[in-house]
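In: Give me a 3D structure for the following:
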Amino acid sequence: MSKVSTIKIQVGLDDQKVPESIEWSATDNKDERMLKAKGMMVSFWDSAEKAALRIDLWTKDMMVDEMADFFFQTMMTMADTYGRATPYKDQADDIRVFAKDFLKKFQAKQAAEEGK
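Out: The predicted structure is shown next:
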(Lines give C-alpha, C1' and ligand atoms only; values in the text may rest on other atoms or scores of the structure.)
Protein backbone atom coordinates (compact mmCIF):
# COMPACT_ATOMS: atom_id res chain seq x y z
CA MET A 1 0.00 0.00 0.00
CA SER A 2 1.59 3.26 -1.06
CA LYS A 3 -0.82 5.68 0.61
CA VAL A 4 -3.24 5.54 3.52
CA SER A 5 -6.09 7.96 4.11
CA THR A 6 -7.79 8.26 7.47
CA ILE A 7 -11.32 9.43 8.18
CA LYS A 8 -12.05 10.51 11.75
CA ILE A 9 -15.61 10.84 13.11
CA GLN A 10 -16.50 12.30 16.50
CA VAL A 11 -20.04 12.02 17.86
CA GLY A 12 -21.05 14.05 20.90
CA LEU A 13 -23.82 12.34 22.90
CA ASP A 14 -26.27 13.60 25.50
CA ASP A 15 -27.11 11.73 28.74
CA GLN A 16 -29.45 9.37 26.83
CA LYS A 17 -26.74 8.66 24.22
CA VAL A 18 -28.59 10.66 21.54
CA PRO A 19 -26.22 12.43 19.13
CA GLU A 20 -25.92 16.17 19.82
CA SER A 21 -23.03 16.81 17.45
CA ILE A 22 -21.26 15.06 14.60
CA GLU A 23 -17.86 16.20 13.38
CA TRP A 24 -15.52 14.61 10.89
CA SER A 25 -12.18 15.11 9.18
CA ALA A 26 -10.18 13.27 6.54
CA THR A 27 -6.47 13.30 5.87
CA ASP A 28 -7.08 14.08 2.17
CA ASN A 29 -9.30 17.07 3.01
CA LYS A 30 -7.68 20.48 2.49
CA ASP A 31 -9.40 21.68 5.66
CA GLU A 32 -7.43 20.51 8.67
CA ARG A 33 -10.23 21.26 11.15
CA MET A 34 -13.16 19.05 12.08
CA LEU A 35 -16.21 19.72 9.89
CA LYS A 36 -19.72 19.75 11.37
CA ALA A 37 -22.57 17.59 10.10
CA LYS A 38 -26.13 16.97 11.24
CA GLY A 39 -26.33 13.46 9.83
CA MET A 40 -24.24 10.65 8.44
CA MET A 41 -24.68 7.31 6.72
CA VAL A 42 -21.68 5.03 6.42
CA SER A 43 -21.87 1.60 4.79
CA PHE A 44 -19.27 -1.14 4.56
CA TRP A 45 -19.59 -4.29 2.47
CA ASP A 46 -18.63 -7.46 4.32
CA SER A 47 -17.97 -9.83 1.42
CA ALA A 48 -17.47 -12.84 3.70
CA GLU A 49 -20.92 -12.41 5.24
CA LYS A 50 -22.43 -10.88 2.08
CA ALA A 51 -23.94 -8.15 4.23
CA ALA A 52 -23.91 -4.37 4.45
CA LEU A 53 -22.70 -3.04 7.77
CA ARG A 54 -24.02 0.45 8.45
CA ILE A 55 -23.81 3.36 10.80
CA ASP A 56 -26.68 5.84 10.46
CA LEU A 57 -26.66 8.78 12.87
CA TRP A 58 -28.29 12.18 12.97
CA THR A 59 -28.34 14.93 15.56
CA LYS A 60 -31.49 15.74 17.47
CA ASP A 61 -31.60 19.20 15.88
CA MET A 62 -31.74 17.83 12.31
CA MET A 63 -35.08 18.95 10.88
CA VAL A 64 -37.41 16.65 8.92
CA ASP A 65 -36.93 18.69 5.72
CA GLU A 66 -33.17 18.35 6.11
CA MET A 67 -33.57 14.57 6.51
CA ALA A 68 -35.68 14.41 3.33
CA ASP A 69 -33.05 16.40 1.40
CA PHE A 70 -30.31 14.20 2.87
CA PHE A 71 -32.09 11.03 1.73
CA PHE A 72 -32.84 12.47 -1.72
CA GLN A 73 -29.24 13.51 -2.29
CA THR A 74 -27.94 10.19 -0.92
CA MET A 75 -30.18 8.21 -3.27
CA MET A 76 -29.10 10.34 -6.25
CA THR A 77 -25.45 9.77 -5.32
CA MET A 78 -26.10 6.05 -4.94
CA ALA A 79 -27.60 6.05 -8.44
CA ASP A 80 -24.49 7.77 -9.81
CA THR A 81 -22.23 5.27 -8.04
CA TYR A 82 -24.24 2.28 -9.25
CA GLY A 83 -24.20 3.69 -12.80
CA ARG A 84 -20.39 4.01 -12.73
CA ALA A 85 -19.80 0.64 -11.05
CA THR A 86 -22.06 -1.54 -13.22
CA PRO A 87 -23.18 -1.74 -16.83
CA TYR A 88 -26.82 -1.35 -15.70
CA LYS A 89 -27.57 2.30 -16.43
CA ASP A 90 -31.30 1.51 -16.55
CA GLN A 91 -31.28 0.53 -12.88
CA ALA A 92 -29.31 3.65 -11.96
CA ASP A 93 -32.05 5.61 -13.72
CA ASP A 94 -34.68 3.67 -11.75
CA ILE A 95 -33.05 4.81 -8.51
CA ARG A 96 -33.09 8.42 -9.73
CA VAL A 97 -36.79 8.17 -10.65
CA PHE A 98 -37.58 6.73 -7.22
CA ALA A 99 -35.54 9.47 -5.49
CA LYS A 100 -37.36 12.22 -7.39
CA ASP A 101 -40.75 10.65 -6.59
CA PHE A 102 -39.73 10.33 -2.92
CA LEU A 103 -38.87 14.05 -2.78
CA LYS A 104 -42.09 15.08 -4.56
CA LYS A 105 -44.18 13.07 -2.09
CA PHE A 106 -42.33 14.61 0.84
CA GLN A 107 -42.85 18.11 -0.53
CA ALA A 108 -46.58 17.41 -1.04
CA LYS A 109 -46.86 16.22 2.57
CA GLN A 110 -45.07 19.33 3.80
CA ALA A 111 -47.35 21.59 1.74
CA ALA A 112 -50.44 19.78 3.05
CA GLU A 113 -49.26 20.13 6.65
CA GLU A 114 -48.51 23.83 6.19
CA GLY A 115 -52.01 24.30 4.73
CA LYS A 116 -53.69 22.93 7.87
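In: contacting residues for the most centrally placed residue in the chain?
Out: Centroid check for the chain by C-alpha atoms, centre = their mean gives Met41 as the closest residue, at 4.2 Å. Going by C-beta atoms under 8 Å, 6 or more residues apart in numbering, Met41 touches Arg54, Ile55, Asp56, Thr74. In short, each C-beta sits where N, CA and C put it, glycine included.
In: Return the set of buried residues in whichever strand or helix holds the second one.
Out: When you say that, I think you mean Ile55. For Ile55, the element it lies in under DSSP states H and E is strand 51-58. Residues Leu57, Trp58 are the ones in strand 51-58 that count as buried (16 or more other C-beta atoms under 10 Å).
In: Please tell me how far the residue nearest to the centre of the chain sits from Arg54.
Out: The spacing between Met41 and Arg54, counted by C-beta to C-beta, to the nearest Å, is 7 Å.
In: on that earlier part again, who's the residue nearest to the centre of the chain bridged to?
Out: Assessed by DSSP bridges, Met41 has beta-bridge partners Asp56.
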